[in-house]
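*Asks:* model this:
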Amino acid sequence: MNPFILILLISSLSLGTTLTFASSHWLLAWVGLEINTLAIIPLMAHRHHPRAVEATTKYFLIQATAAATILFASTTNAWLLGEWNILQLSHPLTTTTTMLALSLKIGLAPFHYWLPEVMQGLDLMTGLILSTWQKLGPFALILQVAPTTNSALLVFMGLLSALVGGWGGLNQTQLRKILAYSSIAHLGWMILIIQFAPSLALLSLMLYLIMTSATFLSFKKNNTTSINTLALTWTKSPTLTALTALVLLSLGGLPPLTGFMPKWLILQELTKQGLPLTATLMALSALLSLYFYLRLCYTLALTIAPATFNATSPWRLSFTPSTFPLSLALLGALALLPLTPAIAALLNP
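*Replies:* Numbers count the residues shown, from 1 in each chain. As a prediction, this is how the structure comes out:
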C-alpha cells in the first residue's frame with residue numbers, strides 16, 4: 001500500500017476514535033464511529049484476496065447496521081426526552097437499544113457470530129487493529145451508557161460472552177479465530193464488571209490490549225497463522241517461542257503473569273457485590289479459555305516438527321531482532337502482576 005494512503009488511513013482511525021472520546025453529543029459520537037469504520041475498510045481489503053474481500057463486506061454490513069441502530073436510538077431519545085447528550089440517555093427503550101447496538105459493534109455475545117469469520121479473513125496486523133483499536137470508541141460509549149442500562153442485561157451478556165468465548169475456542173485450529181474467541185471472552189469480563197467498578201473494566205481493557213498486542217506481534221514475527229505452523233516456530237527463534245507461550249498463559253489468566261490481575265480483582269469485586277454464583281461461573285469460564293491456551297502452549301513447547309504435524313518446514317530463514325513494540329508488549333503482558341497493590345490503590349483512592 002502507498003505510504004501516504006497508509007498514513008491517511010491511520011490518521012483517520014485516530015481521528016475517529018478521538019472524536020468519539022471527546023464528544024458529548026450522540027451525533028458527533030456517531031460520526032466518529034463512522035470515520036473509524038470507513039478508515040479500516042481499505043486496510044482490510046488491500047490484499048484483494050477473496051477471503052479478505054468477504055471479511056471486509058461482512059464487517060462493513062455489521063458496522064453499518066450497528067451505527068444505524070445507534071443513530072435510531074439516539075434520535076428516539078431526542079424525540080422522547082428532547083436530549084442529545086450521551087450522559088442523558090435515560091429512557092429504557094433507547095438505553096437498551098443503544099447497548100445492544102454497541103455490543104454488536106464490538107462482538108459481544110449473542111452478537112458475536114461475525115467476529116471469528118471476519119478475523120479469519122484478515123492478515124495479522126489488520127487483525128491486531130480490529131482486536132484492539134477498533135474497540136476503544138464503542139467501549140468509551142458503553143462506559144457512559146452502562147450506569148443507566150438494565151443490570152440484568154449486562155450480567156447476562158457478560159456471562160454469555162465469557163462462556164461462548166471459552167467454548168468457541170476449544171475446537172479451532174486457526175490462530176486468528178482463537179484470538180477472536182479470546183476477545184469475546186475478555187469482553188465478557190469487562191461488561192460484567194462495568195456496572196459495579198468501571199475503573200476495573202478500564203484496567204481489564206488496558207491489560208487485554210497489551211497482551212493481545214504481544215500475541216499478534218509474536219505471531220507476526222514468526223509468520224504463524226495456524227496451530228500446525230506453531231510447532232515450527234522454535235526453529236526461527238527459541239527465545240521468542242518461549243515468551244509467546246508465556247503470553248498465551250497470561251491471556252488465560254494464569255498466575256504469576258499479568259493476565260491474572262484483572263480476573264483476580266474482578267472476582268473479588270463480584271464477591272463483594274454479593275454475586276458468588278456469578279463469580280463461580282466466570283471462574284469456570286476462565287478454565288475453558290485456559291484449556292485452549294494450554295493447547296497452543298503444548299504445540300509450541302512440547303512437539304517436535306515435522307514428526308507430529310503436517311506443515312512445511314521453513315528454509316533459509318531471515319530472522320531479525322525483536323522490535324521495540326513487541327519487546328514492550330511482552331514486558332507488559334508478563335511482568336505487571338507485582339504492581340497489583342499499587343494499581344488497586346490508584347483505582348480506589
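
*Asks:* Next, give phi and psi for the residue nearest to Glu269 when sequence neighbours are not counted.
*Replies:* With CB to CB, 6 or more residues apart in numbering as the criterion, Glu269 has its nearest non-adjacent residue at 5.1 Å, and that residue is Ala197. The C-beta positions use only the backbone N, C-alpha and C, and glycine is treated the same way. Ala197 adopts backbone torsions of phi -150, psi 90, taken as degrees, to the nearest 10.

*Asks:* Next: Leu108.
*Replies:* Residue torsions, per degrees, to the nearest 10, at Leu108 are phi -80, psi 150.

*Asks:* That one: neighbouring residues, count only.
*Replies:* For Leu108, the count of nearby residues is 28 (other CB atoms under 10 Å).

*Asks:* pretty sure it is touching Ala185, no?
*Replies:* No - Leu108 lies out of contact with Ala185 (CB atoms under 8 Å); the separation is 10.6 Å.

*Asks:* Mutual contacts of the two, please.
*Replies:* Residues touching both Leu108 and Ala185 (CB atoms under 8 Å, 6 or more residues apart in numbering): Ser161.

*Asks:* What strand or helix carries the spatially most central residue of the chain?
*Replies:* For the chain, the residue sitting closest to the mean C-alpha position, by CA atoms, centre = their mean, is Ser183 at 3.8 Å. Counting by DSSP states H and E, the element that carries Ser183 is helix 175-193.

*Asks:* quick one: buried residues of the helix or strand following that helix?
*Replies:* Later in the chain than helix 175-193, the nearest helix or strand by DSSP H and E is helix 198-222. Of all the residues in helix 198-222, those buried under the rule 16 or more other CB atoms under 10 Å are 198-205, 207-222.

*Asks:* quick check: mean pLDDT across helix 198-222?
*Replies:* Averaging pLDDT along helix 198-222 gives 94.

*Asks:* list the helices and strands it packs on?
*Replies:* Applying 3 or more CB pairs under 8 Å, 6 or more residues apart in numbering; DSSP states H and E, one finds that helix 198-222 contacts helix 124-131, helix 136-145, helix 175-193, helix 238-251, helix 260-272, helix 324-335, helix 340-347.

*Asks:* what's the next secondary structure element after it?
*Replies:* Taking DSSP H and E, what comes next after helix 198-222 is helix 227-230.

*Asks:* ok, the residue nearest to Pro138 when sequence neighbours are not counted - how many residues close by?
*Replies:* Counting by CB to CB, 6+ apart, Pro138 lies nearest to Lys105, which is 4.4 Å off, once chain neighbours are set aside. Residues near Lys105, counting by other CB under 10 Å, number 26.

*Asks:* got it, and Met99?
*Replies:* Quick note: Met99 (other CB under 10 Å) scores 24 neighbours.

*Asks:* hang on, isn't Thr96 packed against Thr149?
*Replies:* Yes - assessed by CB under 8 Å, Thr96 is found in contact with Thr149 at 6.8 Å.

*Asks:* Okay, now the unreliable bits of the stretch 201-349 of the chain?
*Replies:* 303-322, 349 (pLDDT under 70).

*Asks:* For Leu93, see how far away Asn77 is.
*Replies:* Here the criterion is CB to CB, to the nearest Å. By it, Asn77 lies 9 Å from Leu93.

*Asks:* got the domain boundaries for this protein?
*Replies:* 1-139, 150-349 (automatic domain parsing).

*Asks:* Contacts only, for Ala279.
*Replies:* 267, 270-271.
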